[in-house]
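Participant: please find the sequence and the predicted model below.
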Amino acid sequence: MFDIVNFEKFSDGRGDLIPLELGDNFLKTSIPFEVKRFYFIAFPNDSVDIKRGNHAHHNLQQLIICASGSFTLDLEDFIGNKESLFLDKNTKGVHIKKGLIWRQLKNFSPNCVVLVFANQHFDEKDYIRSYQKFKELSYLQMKAKKLS
Ligand code: TYD
């Protein structure tokens, strides 16, 4: 469902520098796919009750990083396996692989900044925004796997 990717950090009295290299030509490529898009999310001070995500994707891969503060990333795959990841390190990325995976982001600290790299351009058609639809598609996928 996901992998953890650890980044190198160059820290001194001036702060932390965490380089992420893109493309295949680097010896140490930090991002495990070709990046087509990235975005970041910042939060208001009163952010503790905010929930984001609440969707799955048909094809998208993402690398999700907590660049500042902390939050919780909840994942559920098509079999019903659930993982709850507490992210508070700017040197750690969660690579969500291709497949039916429901994600929710929650419990944001006020200074939280979430950075997301994606392997596809934005396409609303790739989203599954209804949990019921996600469960229906998951059931079909499980049935297809049992038959094959
Ligand atoms: P939304 O899917 O609600 O964000 P999240 O999954 O974090 O809760 O996206 C909010 C809006 O931003 C929605 O109108 C779609 C738009 N959007 C883009 O235009 N490009 C993007 O890359 C993303 C992720 C969202």
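Facilitator: Arrived safely.
Participant: which residues does the most centrally placed residue in the chain contact?
Facilitator: Centroid check for the chain by C-alpha atoms, centre = their mean gives I64 as the closest residue, at 3.7 Å. The neighbours of I64, taking C-beta atoms under 8 Å, 6 or more residues apart in numbering as the test, are L73, L87, G93, V94, I96, L105, V114, L115, V116. Where C-beta positions appear, they are placed from N, C-alpha and C, glycine not excepted.
Participant: name the nearest residue to the fifth one, ignoring sequence neighbours.
Facilitator: To tie it back to what came earlier, the one meant is I96. If the residues on either side of it in the chain are set aside, I96 comes closest to Q62, at 4.8 Å by C-beta to C-beta, 6 or more residues apart in numbering.
Participant: from the ligand, how far out is the one you found?
Facilitator: 9 Å (C-beta to the nearest ligand atom, to the nearest Å).
Participant: which non-adjacent residue is nearest Y131?
Facilitator: W102 (6.7 Å).
Participant: assign that neighbour to helix, strand or coil.
Facilitator: strand (DSSP: H, G, I helix; E, B strand; the rest coil).
Participant: from now on call the first residue 4
Facilitator: OK, 4 is where the count begins now, so the last one is W105.
Participant: so where does the residue nearest to the centre of the chain fall, helix or strand?
Facilitator: strand 65-71 (DSSP states H and E).
Participant: and that strand, which residues are buried?
Facilitator: Of all the residues in strand 65-71, those buried under the rule 16 or more other C-beta atoms under 10 Å are Q65, L66, I67, I68, C69, S71.
Participant: one more: stretch 72-87?
Facilitator: Quick answer for stretch 72-87 (16+ other C-beta under 10 Å): G72, F74, T75, L76, D77, L78, E79, D80, F81.
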